[in-house]
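J.: give me coordinates for this.
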Amino acid sequence: MINLISRTIGNISSLLKGLQIKGFLAVVVVGFLVLTTNVSYGHNDKALGERVREQVQQDDSQRPKTIGEWNKEARQTEGSPGKRLQKIGEESAEAFKQFGSGYVEGAQKTAGDVGDSAAETAKDISNKIGR
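T.: From the prediction side, this is the model:
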């Protein structure tokens with residue numbers, strides 16, 4: 001009788017190991033979350049597209065802004081690779097210049113924020129010591 005019970009428990013445990021219960025439960029939980037999460041599709045797509053277009057058009061650089069403009073420029077310089085490389089070099093220089101200016105602005109803002117935080121921390125410490 002004990003042998004029969006131990007064999008049955010062994011068979012059940014090997015069956016559970018074969019099914020990989022943990023993986024199965026993970027899939028069930030993820031499926032439940034995906035099916036019960038309330039997601040509204042496509043309500044803001046138009047507004048997002050308009051905002052992106054506005055941001056792209058605000059940039060006053062002469063380099064191509066869209067894939068279509070890039071392809072049009074490539075077709076215009078198709079016969080002369082030297083001219084194409086020159087255009088790519090000029091556009092890359094302009095892009096790095098633009099990126100660098102944004103980096104400097106971000107670094108200055110971060111430095112100002114760090115300075116403000118340090119001043120606030122020093123003020124808090126002096127208030128605690130003064131008590």
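J.: avg pLDDT for stretch 67-79?
T.: Averaged over stretch 67-79, pLDDT sits at 85.
J.: what do you get for stretch 93-110?
T.: Per-residue pLDDT over stretch 93-110 has a mean of 77.
J.: from the chain's centre, how far out does that stretch sit?
T.: Between the centre of stretch 93-110 and the centre of its host chain there is 20 Å, according to C-alpha atoms, centre = their mean, to the nearest Å.
J.: go on, stretch 80-98?
T.: The answer for stretch 80-98 is 28 Å, by C-alpha atoms, centre = their mean.
J.: list the buried ones in it?
T.: Judged by neighbour count using 16 or more other C-beta atoms under 10 Å, the buried positions of stretch 80-98 are 87, 91. The way it works is simple: take the backbone N, C-alpha and C, and place the C-beta from them, glycine included.
J.: list the buried residues in the helix or strand of the chain with the lowest mean pLDDT.
T.: Among the helices and strands of the chain, helix 45-58 carries the lowest confidence by mean pLDDT, DSSP states H and E, at a mean of 72. Burial within helix 45-58, assessed by neighbour count using 16+ other C-beta under 10 Å, is assigned to no residue.
J.: then stretch 63-75?
T.: For stretch 63-75, a neighbour-count test (16+ other C-beta under 10 Å) marks 63, 73 as buried.
J.: how far does that stretch sit from its chain's centre?
T.: The gap between where stretch 63-75 is centred and where its chain is centred comes out at 25 Å by C-alpha atoms, centre = their mean.
J.: equivalent analysis for stretch 106-125, please.
T.: On the basis of C-alpha atoms, centre = their mean, stretch 106-125 is displaced by 27 Å from the centre of the chain it belongs to.
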